[in-house]
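In: model the following, please.
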Amino acid sequence: MTVEQDLMSGLKLKRLGMLMEPQPRNPQEVEGVLNPAAIRGPDGGLYIFPRLTARGNYSRIGIARVRFNDDGDPTSVERLGIALEPEADYEKRPDGGGCEDPRITFVEPLQRYVMSYTAFSAKGPRIALATSKDLFHWQRMGLATFGPYHDVEFNDVDDKDASLFPVAIPNPSGKAELAILHRPLFPGTRPEETACRPASRELDIDRESIWISYCPISREGPESELIGKFTSHHRLATPVSSWERLKIGGGTPPALTRHGWLIVYHGVSDLSEPGKAEHKLCYSAGAMMLSKEHPQIVRYRSTEPVLTPTLPQECQGTVANVVFPSGIDRRDDLGMPDRFDIYYGMADNRIGVARLDLPEFLPAEGFADSPKAKV
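Out: Numbers count the residues shown, from 1 in each chain. All right, here's what the predicted structure looks like:
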């Protein structure tokens, strides 16, 4: 199945089909396989790390090797087991637990793969980190720690959608550090809470947004101390377009292109009819380009989504009307520069893959959004 979209954003995205769905009678996957990390291993093969959801939203992180056809398109997976499951206190809660929605980056200064994932305990979702040298053996680093932002204590705020840059980049003071993208869930800013507000409401620029934070890197010492405390917080981008009115959040880890750092992110809108008490949410995907030299500067954002839920597998599932990008794989091997395969969750139940070819020039109708808030 091949469906092509050529939207006003000028970016072309071609669906390649569904890659993975729950195995019948597998209790670890009864509520879905979704939102995978994607990364090339030391052997050159592509591995995905899907969230496997058992009954009661009990989530593990699996590992699978992607199979390709003769044309180089991903077609299926070989399941290889479990990478992480709830074991640490910060991953458990009385009624279950969760290791959810991983992203994986090979961090060059550390010469390690670093997984950022959502740890779901009784305190709520938090960002956790783990490292590996081979993708098969993972060592937990614990919860990511954050310095305060004005009067907000970041460590006490729910947080999700984290991904790391693969190289050290200049922080606002010009010092090379590790940077992370994340989405703090400040009280009162969830889509279920904001959907009832009028469309013309004034946005709080410090919330409902994608943030970027920085931390020093240590190349020596215990594994748990290689990554320090994240500070120098910037609100990177906030909801602007109608398709992302309720919220935006991170998606794929940053990938360097000729135009800068590419991120395929998610946005949430309300599909409900006016006057209806129940709100029907829709998750779509957009494209963002950050400055190569100063990634806290947004060079481009698509005015329209590059992918919206239209297929039955995207519109019907555990959560309806969801496409959720989380994995990215550079495909220069197919003969075109800046070609990427995007792995995404379909209705929180299955995994799909689509291909994105970046144009030679950024479309003129995109817009930049470079807030100044910082600490």
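In: so what's L256 closest to, chain neighbours aside?
Out: K292 (6.8 Å; CB to CB, 6 or more residues apart in numbering). From N, CA and C alone the C-beta is placed, and that goes for glycine too.
In: so R60 touches E87, yeah?
Out: No - using CB atoms under 8 Å, R60 makes no contact with E87, being 10.3 Å away.
In: can you give me the buried ones in stretch 212-222?
Out: Within stretch 212-222, the residues that count as buried by 16 or more other CB atoms under 10 Å are 212-216.
In: run through the helices of the stretch 201-350 of the chain in chain order.
Out: With helices called from DSSP state H, counting those that start in this stretch, the stretch 201-350 of the chain shows them at 312-315.
In: flag the shaky bits of it, pLDDT-wise.
Out: Residue ranges of the stretch 201-350 of the chain with pLDDT under 70: 201-207, 272-279.
In: and the strands in it?
Out: With strands called from DSSP state E, counting those that start in this stretch, the stretch 201-350 of the chain shows them at 210-215, 231-237, 247-249, 255-257, 260-270, 281-290, 298-301, 323-330, 339-346, 350-357.
In: and the fifth one, what does it pack onto?
Out: Going back to what we said before, that points to strand 260-270. strand 247-249, strand 255-257, strand 281-290, strand 323-330 (3 or more CB pairs under 8 Å, 6 or more residues apart in numbering; DSSP states H and E).
In: that strand pairs with which strands, parallel or anti?
Out: strand 247-249 (antiparallel), strand 255-257 (antiparallel), strand 281-290 (antiparallel) (DSSP bridges).
In: sort out which residues of the second one are buried, please.
Out: By neighbour count on 16+ other CB under 10 Å, the buried set for strand 255-257 is A255.
In: what's it in contact with?
Out: 166, 261-263, 289, 292, 328, 330, 338, 340, 358 (CB atoms under 8 Å, 6 or more residues apart in numbering).
In: stretch 132-150 now?
Out: By CB under 8 Å, 6+ apart, stretch 132-150 touches 39, 41-42, 47, 63, 80, 83-84, 88, 90, 104, 111-113, 115-116, 119, 126-131, 154-155, 159, 162, 180, 206, 213, 223-224, 226-231, 233, 375.
In: so what's S116 bridging to?
Out: When assigned by DSSP bridges, S116 has beta-bridge partners R103, L129.
In: go ahead and confirm it touches F165.
Out: No - using CB under 8 Å, S116 makes no contact with F165, being 11.2 Å away.
In: looking at those two, which is more packed in?
Out: Neighbours were counted for S116 and for F165 using other CB atoms under 10 Å; S116 has more, 26 against 23.
In: look up phi and psi at the nearest residue to E225 once chain neighbours are set aside.
Out: Nearest non-adjacent residue to E225, counting by CB to CB, 6+ apart: S218, 6.0 Å away. Reported as degrees, to the nearest 10, the phi and psi values for S218 are phi -110, psi 130.
In: residues contacting the most centrally placed residue in the chain?
Out: Among the residues of the chain, the one closest to the centroid is G251, at 2.6 Å (CA atoms, centre = their mean). Applying CB under 8 Å, 6+ apart to G251 gives the contacts 161, 263-266, 285, 324-326.
In: quick one: which of those residues has the most company?
Out: S326 (30 neighbours).
In: quick check: nearest residue in space to it, chain neighbours excluded?
Out: N35 (4.6 Å).
In: and the one you found, which of the three is it?
Out: Three-state assignment for N35 (DSSP: H, G, I helix; E, B strand; the rest coil): strand.
In: wait, isn't it in contact with V322?
Out: No - the criterion here is CB under 8 Å, and N35 misses it with V322 at 9.6 Å.
In: OK, contacts around V157?
Out: Taking CB under 8 Å, 6+ apart, one finds 184-186 in contact with V157.
In: cutoff 6 Å now
Out: By CB atoms under 6 Å, 6 or more residues apart in numbering, V157 lies in contact with P184.
In: for it, give its distance to G228.
Out: 19 Å (CB to CB, to the nearest Å).
In: is it true that R15 lies in a strand?
Out: Yes - looking at R15 with three-state DSSP, it is inside a strand.
In: my read: it touches A354, true?
Out: Yes - with contact defined as CB atoms under 6 Å, R15 reaches A354; the gap is 4.8 Å.
In: on that earlier part again, what would the strands of the stretch 201-350 of the chain look like in TSV with distance to E21?
Out: Converted to TSV, these look like this (distance: least, CB to CB, whole Å):
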stretch	distance to E21
strand 210-215	29
strand 231-237	32
strand 247-249	24
strand 255-257	26
strand 260-270	20
strand 281-290	18
strand 298-301	32
strand 323-330	15
strand 339-346	9
strand 350-357	4
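In: closest to P363 out of the ones you listed?
Out: Closest approach to P363 among the strands of the stretch 201-350 of the chain is made by strand 298-301 (7.6 Å; CB to CB).
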